[in-house]
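>>> please work out how this folds:
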Amino acid sequence: MSLAGEGARAWRLALALAGVIVAVDQGSKAAIQSALVPGERVSVLPGLHLTDVHNKGVAFGLAGGGGPGLVVLTSAALVLILVLFARNAGRRALWIPVGLLAGGAFGNLADRVRIDSVTDWIDLPLWPSFNVADMAIVFGVIGLALVFLEEPKGE
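Next up is the predicted model:
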């Protein structure tokens, strides 16, 4: 397969993964919002609670009160990641963290645009509430670091 073919395949895979993340994220948020009232907390297992919390901050509710500036910052970070991917699309497995990051960013961005906050619903002890998009972003950042720490193989 040519490098151009590998790059096109990587883009398709990253977009498909991003789409799955957005669908699961938005679906899970809709399910929580239909089942719980804002602020309600339901115990599922010891140490695992479901809640309907809305935050205006970044991942895990940090740096609250983001508003339109946070939408712009998120969009800029997403563009930067996509440019990085465009320059390195042939790099082995890069599509996975890019798909996770893009899906997570779009999932939370959809909330910000629609309701001016992000719905978080997974509540663990000693950790701020979070959602599927937040998990995708965290695993995407870890994956991005791992991909770029790996030495590229020579031709």
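>>> can you give me every residue that contacts the residue sitting nearest the centre point of the chain?
In the chain, the residue lying closest to the centroid (CA atoms, centre = their mean) is residue 104, at 1.6 Å. By CB atoms under 8 Å, 6 or more residues apart in numbering, the contact set of residue 104 is 21, 25, 132-137, 140. For glycine as for every other residue, the C-beta is placed from the backbone atoms N, C-alpha and C.
>>> pick out whichever of the residues you listed sits closest to residue 96.
residue 140 (8.1 Å; CB to CB).
>>> and the helix or strand hosting residue 72, what other elements does it pack with?
Assigned by DSSP states H and E, residue 72 belongs to helix 67-88. In this structure, helix 67-88 packs against helix 3-35, helix 95-115, with contacts taken as 3 or more CB pairs under 8 Å, 6 or more residues apart in numbering; DSSP states H and E.
>>> where does this protein have its least confident helix or strand?
Across the helices and strands of the chain, mean confidence by mean pLDDT, DSSP states H and E is lowest for helix 67-88: a mean of 83.
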